[in-house]
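# Sequence and predicted model, in that order:
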Amino acid sequence: MTDIGGGWTEHVDPASNRKYWSHPSLAHPGTQWNDPRAVPPPPPPPAYASATAFQGQPVMMATVVDPAPRPARAVSVRTAKVEPAGVPRGAQPGGYWTEETYCGSTTCLVALLLCFIFWPAALCISFCPLDRKRVYKAPNGDLWLPNGSRWIVD
C-alpha cells in the first residue's frame, strides 16, 4: 500500500497482480482500476446531424457522457423521424409526401405463416398489404422515393 496524495492509496491485487487505487472517503466500493492521477482525455466533440442530410431516415441522438472515472451510468439514446424536405431529384414540384402501402417482405412472411395456420386466409393477404413506404406524390401521379428514384407500382 502506497500513499499517492489526495487521500488515495495504491494497492496491488494479489490474484491478478494489477494495480488498483482506493480512497477511504468515497462511497462503496471506493476502489478503482484507473489511476486517479491520470488526466482524463478531453470529451469527444458532439455529433450534429443536418435535417436535410438524412431525408426520410431516422437520426440517432446521444447524450455526451463525462469521461471522468466514475461509476457507470446509462446513456440516453433517442431516435427522431426526420421528414423528407423538398422535392426529390427529377420529380415534378408541387406534390406532397405521403405513406403508401405495398406487398413487401413483411406481407410475404405473414402470408407464408398463414399458409400453415389457415391457408384460405393466405390468399386474401394481398388485399391488405402490411409494408409501408414514404413517397413523394408528384402532381402528375408519379411516385418518388426520398433518394430521387421513381417508384413504379405494378
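Received, thanks.
# can you map out the strands along the chain?
2-5, 8-12, 19-22, 31-32, 58-62, 77-81, 96-102, 131-137, 143-144, 150-151 (DSSP state E).
# Of those strands, which stretch is the most buried?
Comparing the strands of the chain by mean neighbour count (mean count of other C-beta atoms under 10 Å), strand 143-144 ranks first with a mean of 20. C-betas here are computed from N, CA, C, even on glycine.
# Run through who's touching that strand.
88, 90-91, 95, 100, 135-138, 150-153 (C-beta atoms under 8 Å, 6 or more residues apart in numbering).
# Most widely separated two among those?
90 and 100 (18.1 Å; C-beta to C-beta).
# Can you say which of the strands of the chain is nearest to residue 122?
Here strand 131-137 is closest among these (C-beta to C-beta), at 16.2 Å.
# In its sheet, which strands sit next to the closest one, and in what direction?
strand 96-102 (antiparallel), strand 143-144 (antiparallel) (DSSP bridges).
# Tell me which of the ones you listed lies nearest to residue 114.
By C-beta to C-beta (comparing all of those), the closest turns out to be strand 96-102, at 17.6 Å.
# what comes into contact with the closest one?
83-84, 129-137, 143, 151, 153.
# One more pass at 6 Å, please.
For strand 96-102, the external contacting residues (C-beta atoms under 6 Å, 6 or more residues apart in numbering) are 84, 129, 131-137.
# One more: stretch 16-31?
Applying C-beta under 6 Å, 6+ apart, the contact partners of stretch 16-31 are 7-13, 32-33, 36.
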